[in-house]
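Asker: have a look at this prediction, sequence included:
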Amino acid sequence: MRFAMIVVASATVFTAHVLTAQTADFGKAYSFDERKPKTQIERTVHKLLPSIAKIHGASGLATIKAYATGIIVSDQGHIVTLDQILLQKDRTRVVLFDGTVHDATLIRADDKLGVRLLKIDPAGVNGKLQPLWPPAEEQSKYRNGQFVVSLGNCFRLAEFSEKVSATFGVVVGKANTALRYRMADVKYDGDIILTDACNNPGQYGGGLFTLDGRWIGLNMRLLDSKETNTMLSAALPARDLLPYLEEHVLGKKRDVVTKKVVPVWTGITLFEQAGRKSPPAYVERVKRNSPGRKLGLKIDDMIVRIDDFSIRSCKELRSVLNKYKPGDTVTVMWKRGTRVMTGDMKLAEKPKK
């Protein structure tokens, strides 16, 4: 069993072990002997590694890494990963645990989850694929402080039959991305698992597991908050992948629930100059008997926050208000000159003419 030490810097600096293992199903893929796993965590990683795939694409952009990780979810060759720019038709390759390289076809992504399925030809695989599937609801549970292991091709350290990295940490909390201030590359608008296990480039799309091998999450990109200058490691709950996987792997039609969206009305008109990129949310006027007038907003006030959402532009204000419905009460923060003021505003439905 080989070990290496990695020091990672993000919001904090700590060390994590990179642990490797081998599975007999793929034969003698290495030129050196390794001892059998002895501890529980070694046995867990030993069992999970053949279900992890390395993904390589071609982004053409210096700021986008052309590699990631995926989880094999069917013996027909389906692999789930994050939907990134690097995933391009005819230019995406999958490397399995035994080092073999396979062309991958792209299946339609899930825009809400920000994930995509790839498919390789199982007939071209040496041996048998070892898929994982989101566990039953009871098995998918986790708690704060629970030890977890994250498997993925961190920094593209693993090539061909080289084994992916295993980083360790604990679950530090659960958060809803709808409450973020400004986190980049987050498409999913729901609960996510926060962990201090390193989640570095290349690790994205890998799996987050409990020490007994339960698959609880799919690694996301690092959540980057420009407002607080922090970065967080997070994972999509594995159970949330089920509707997408069932539709495209099992052929089960997804129930589509159509909700009637009633826009909210505040009575506030913002100051927006034609042709200018969305400016800060300055108030131009407020209608009588409107929620904005009852709140006490006046001309030239600048709205800077709605509940936990920072408002930097008129566009952001409209986007945030779309998350609410008439009758909801929100806390508004605004600036009037050098003063910062707050108050509650009950949103209404636009009056009929």
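Answerer: Structure received.
Asker: name the nearest residue to L218, sequence neighbours excluded.
Answerer: Spatial nearest neighbour of L218, chain neighbours left out: L236 (4.6 Å); criterion: Cβ to Cβ, 6 or more residues apart in numbering. The C-beta positions use only the backbone N, C-alpha and C, and glycine is treated the same way.
Asker: Three-state assignment for the one you found, please.
Answerer: Using DSSP: H, G, I helix; E, B strand; the rest coil, the structure places L236 in strand.
Asker: and the one 4 residues further on, by the same measure?
Answerer: Reduced to three states with three-state DSSP, the structure at D240 is helix.
Asker: over to the one 5 residues further on?
Answerer: State at L245, reduced to three classes by three-state DSSP: helix.
Asker: going forward, the N-terminal residue is numbered 410.
Answerer: Understood, numbering begins at 410; the last thing we discussed is L654.
Asker: distance check, the closest residue to it other than its chain neighbours against V524.
Answerer: Nearest in space to L654, with sequence neighbours left out and distances taken as Cβ to Cβ, 6+ apart, is V482 at 5.9 Å. According to Cβ to Cβ, to the nearest Å, V482 and V524 sit 11 Å apart.
Asker: strands paired with the longest strand along the chain, and their directions?
Answerer: Taking DSSP state E as the criterion, the chain has its longest strand at strand 574-585. Neighbouring strands of strand 574-585 in its sheet, by DSSP bridges, are strand 556-561 (antiparallel), strand 600-604 (antiparallel).
Asker: list the buried residues of the last one.
Answerer: Looking back up the chat, that one is strand 600-604. Under the neighbour-count criterion of 16 or more other Cβ atoms under 10 Å, strand 600-604 has I601, I602, L603, T604 buried.
Asker: is it true that M711 touches Y691?
Answerer: Yes. Assessed by Cβ atoms under 8 Å, M711 is found in contact with Y691 at 5.1 Å.
Asker: and the pLDDT at T501?
Answerer: Note for T501: predicted pLDDT of 92.
Asker: so what's it up against?
Answerer: Applying Cβ atoms under 8 Å, 6 or more residues apart in numbering to T501 gives the contacts I464, H465, G466, L495, D512, A513, L515, L527.
Asker: widest-spaced pair of those?
Answerer: Greatest spacing in the contacts of T501, by Cβ to Cβ: L495 and D512 (14.9 Å).
Asker: the helices in the stretch 610-759 of the chain, which residues?
Answerer: 651-657, 700-704, 723-730 (DSSP state H, counting those that start in this stretch).
Asker: likewise the stretch 410-559 of the chain?
Answerer: Along the stretch 410-559 of the chain, counting by DSSP H, counting those that start in this stretch, helices occupy 449-457.
Asker: could you pull out the strands for it?
Answerer: Taking DSSP state E, counting those that start in this stretch, the strands of the stretch 410-559 of the chain run over residues 412-418, 422-428, 461-465, 476-481, 487-491, 502-504, 510-512, 514-515, 524-528, 556-561.
Asker: beta partners of R525?
Answerer: T490.
Asker: separation between it and T740?
Answerer: Counting by Cβ to Cβ, the separation of R525 from T740 is 37 Å.
Asker: and those two? Which one has more around it.
Answerer: R525 (23 against 12; other Cβ atoms under 10 Å).
Asker: pLDDT weak spots in the protein?
Answerer: For the chain, the stretches with pLDDT under 70 are 410-442, 467-473, 494, 586-598, 634-637, 665-668, 683-686, 762.
Asker: circling back: which one's more surrounded, L495 and D512?
Answerer: More crowded of L495 and D512, by other Cβ under 10 Å: L495, with 22 against 14.
Asker: identify the residue spatially nearest to the more buried one, adjacent ones excluded.
Answerer: Using Cβ to Cβ, 6+ apart, the closest residue to L495 is G466 (3.4 Å).
Asker: is it true that that neighbour touches L496?
Answerer: Yes. Under the contact definition of Cβ under 8 Å, G466 touches L496, with a separation of 5.4 Å.
Asker: if we can go back for a sec, let's have the strands of the stretch 410-559 of the chain in CSV, adding distance to R452.
Answerer: What follows is the strands of the stretch 410-559 of the chain, written out as CSV (distance: least, Cβ to Cβ, whole Å):
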stretch, distance to R452
strand 412-418, 16
strand 422-428, 11
strand 461-465, 16
strand 476-481, 19
strand 487-491, 24
strand 502-504, 24
strand 510-512, 28
strand 514-515, 34
strand 524-528, 28
strand 556-561, 12
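Asker: to I625, which of those lies closest?
Answerer: strand 556-561 (7.2 Å).
Asker: who touches the closest one?
Answerer: 450, 453-454, 457-458, 461, 478, 551, 573-580, 604, 606-608, 611-620, 625, 628, 642, 644.
Asker: if you set the cut-off to 6 Å instead, what comes out?
Answerer: 461, 478, 573, 575-577, 579-580, 604, 606, 612, 615-618, 620, 628 (Cβ atoms under 6 Å, 6 or more residues apart in numbering).
Asker: ok, now stretch 625-634?
Answerer: Contacts to stretch 625-634, defined as Cβ under 6 Å, 6+ apart, come from residues 549, 551, 561, 590, 592-594, 602, 608, 612-613, 615, 617, 640-641, 643-647.
Asker: try 7 Å
Answerer: With Cβ atoms under 7 Å, 6 or more residues apart in numbering as the test, stretch 625-634 has contacts from 419, 480, 489, 491, 524, 549, 551, 559, 561, 590-595, 601-602, 608, 612-619, 640-647, 650.
Asker: fine, thanks again, bye for now.
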